[in-house]
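S.K.: okay, here's the prediction I keep looking at, along with the sequence it came from:
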Amino acid sequence: MRDFFIFITMIKNFIRTASLGLLVLFSACNLTQNSTEEKQIIPPPVKTGFTKANINAMAVKEELEFLSSNDLMGRNTGSKGIEKAAVYLEEILKKNDIKPYYTTYRDSFEVEGSFGYNIIGLVEGTDPVLKNEFLIISAHYDHIGLISPIANDSIANGANDNAAGSVAVLELAKYFGAASNNKRSILFVFLSAEEKGLLGSKHLAKRLKNEKLDLYVNFNIEMIGVPMVNKDHMAYLTGFEESNLADKFNEYSDENILGFLPKAKEFDLFRRSDNYSFYKEFKVPAQTISTFDFTNYNYYHQVQDEADEMNIPFMTNLIESIIPGIQTMANTPTKEIKLN
Ligand SMILES: [Zn+2]
């Protein structure tokens, strides 16, 4: 069934390439042909998410491979491996001129006699008033470290869970940092110790609440490395009925991106990822987007959760496709996303 989605992705990419080709053709013909002929070759409108190639598949692949490499030893909170991940994320934020939110990129907290570090970059809003309202785009970058070996491999690489989501946040930070087209401010947050009970997000949500942050929406990203099977939407949103986020997001995107997954409700995924910490503290829309549908990936919390199991074209497409929704959330004159 995965081939089906690869096929769809190929078709979409083909349409995108063909449309660009037609545009070039049109521009070239424009000089020589009369208006009747021009009308015949005007390309059909391309969907919002696919008009520009903002997200680079090679960067997605490279970042995913680094974060889930054996060298990082499964990114257990407090380990040397996750420290390498933290430094890597900080370096990319810095290279892309994304400011640290606090004096450094790190928000630190104690965990099991050691330290966990959330990494936070800020892309400040461009509007003097709206910049005081914040979106938090987040993903946990920790994983479970070393587990019982299978065929001498004991490293739980956590490619899908959640190097994939971390790469999405990183790529979105790069995009919005460069575009600077957000009136509201956006925090790009890489959370630690999610696997130990949402500890990083609990700490940060409390801290931001104490600091009286005006949080509009938390959009958390988890396990997006493999497409869902036979769905008319690209991903699902946990806590679907908690707010109008999915509806508004799809409207903003002019595409059916976020849908409802009954299993997500059955397993109460709304309360099982970092979005819940922000929901509890702030009582604002705080939800997780994911494509792990309980049938499309066999390696949840296993040593085989590796980078080569990820569908890079799908991930790239999905990250690209959520840009317009996030951009619109960051720019509407009023807060349109509300709890139900
Ligand atoms: Zn996870």
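M.R.: That came through, no problem. Please read these numbers as outputs of a predicted model, since none were measured by experiment.
S.K.: give me every residue that touches the residue in the stretch 201-340 of the chain that the ion sits nearest to.
M.R.: At 4.9 Å from the ion, Glu222 is the closest residue in the stretch 201-340 of the chain, using CB to the ion. (Each C-beta comes from the backbone N, C-alpha and C, glycine too.) Contact analysis of Glu222 by CB atoms under 8 Å, 6 or more residues apart in numbering lists 139-140, 161-162, 165, 273, 288-290, 292.
S.K.: just those residues now: which is nearest Leu245?
M.R.: Among these, Ile289 lies closest to Leu245 (CB to CB), at 9.4 Å.
S.K.: for the helix or strand encompassing that closest one, give the mean pLDDT please.
M.R.: Element membership for Ile289, per DSSP states H and E: strand 286-290. Averaging pLDDT along strand 286-290 gives 98.
S.K.: output the contacting helices and strands for it.
M.R.: strand 214-221, strand 235-237, helix 275-282 (3 or more CB pairs under 8 Å, 6 or more residues apart in numbering; DSSP states H and E).
S.K.: mean neighbour count, those: which tops it?
M.R.: Across these, averaging neighbours per residue (mean count of other CB atoms under 10 Å) puts strand 235-237 on top, at a mean of 27.
S.K.: that strand: partners in the sheet, and parallel or antiparallel?
M.R.: Here strand 235-237 is paired, per DSSP bridges, with strand 258-259 (parallel), strand 286-290 (antiparallel).
S.K.: so where's the stretch 101-250 of the chain shaky on pLDDT?
M.R.: Confidence mapping of the stretch 101-250 of the chain against pLDDT under 70 gives zero matching residues.
S.K.: tell me which parts of it are close to the ion?
M.R.: Contacts of the stretch 101-250 of the chain with the ion, taken as CB under 5 Å from the ion, map to 161-162, 222.
S.K.: JSON lines for those residues, including distance to Pro333?
M.R.: Conversion of those to JSON lines gives the following (distance: CB to CB, whole Å):
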{"residue": "Asp161", "distance to Pro333": "37"}
{"residue": "Asn162", "distance to Pro333": "33"}
{"residue": "Glu222", "distance to Pro333": "30"}
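S.K.: which non-adjacent residue is nearest the residue in the stretch 1-150 of the chain positioned nearest to the ion?
M.R.: For the stretch 1-150 of the chain, the residue closest to the ion is His140, as judged by CB to the ion, at 5.6 Å. Leaving aside its sequence neighbours, His140 sits nearest to Glu194 (CB to CB, 6 or more residues apart in numbering; 3.3 Å).
S.K.: can you give me the helices in the chain?
M.R.: 2-30, 35-40, 57-67, 80-95, 164-179, 199-210, 245-253, 262-266, 275-282, 312-321, 323-329 (DSSP state H).
S.K.: and the angle for the fourth one with helix 57-67?
M.R.: This points to helix 80-95. 150 degrees (axes from the mean of the first three to the mean of the last three CA atoms, to 10 degrees).
S.K.: quick one: helix 80-95 to helix 164-179, angle?
M.R.: Using the same axes, to 10 degrees: helix 80-95 against helix 164-179 is 20 degrees.
S.K.: sort out which residues of helix 80-95 are buried, please.
M.R.: For helix 80-95, the neighbour count (16 or more other CB atoms under 10 Å) marks 81-82, 84-86, 88-90, 92-93 as buried.
S.K.: could you work out the most separated pair of those?
M.R.: Gly81 and Leu93 (19.4 Å).
S.K.: quick check: mean pLDDT of stretch 64-81?
M.R.: On average, stretch 64-81 scores 98.
S.K.: what's the end-to-end length of that stretch?
M.R.: 15 Å (CA to CA, to the nearest Å).
S.K.: what comes into contact with it?
M.R.: Contacts for stretch 64-81 (CB under 8 Å, 6+ apart): 82, 84-85, 88, 111-112, 114-116, 141-147, 155-159, 163-164, 166-167, 192-193, 195-196, 199-200, 225, 305-307, 310, 312, 315.
S.K.: ditto for stretch 242-258
M.R.: 47-49, 217, 219, 232-237, 240, 259-260, 270, 279, 285, 287, 289, 321-322, 324-325, 327-329, 336-340.
S.K.: if anything else comes up later, I'll come back, but that's it for now.
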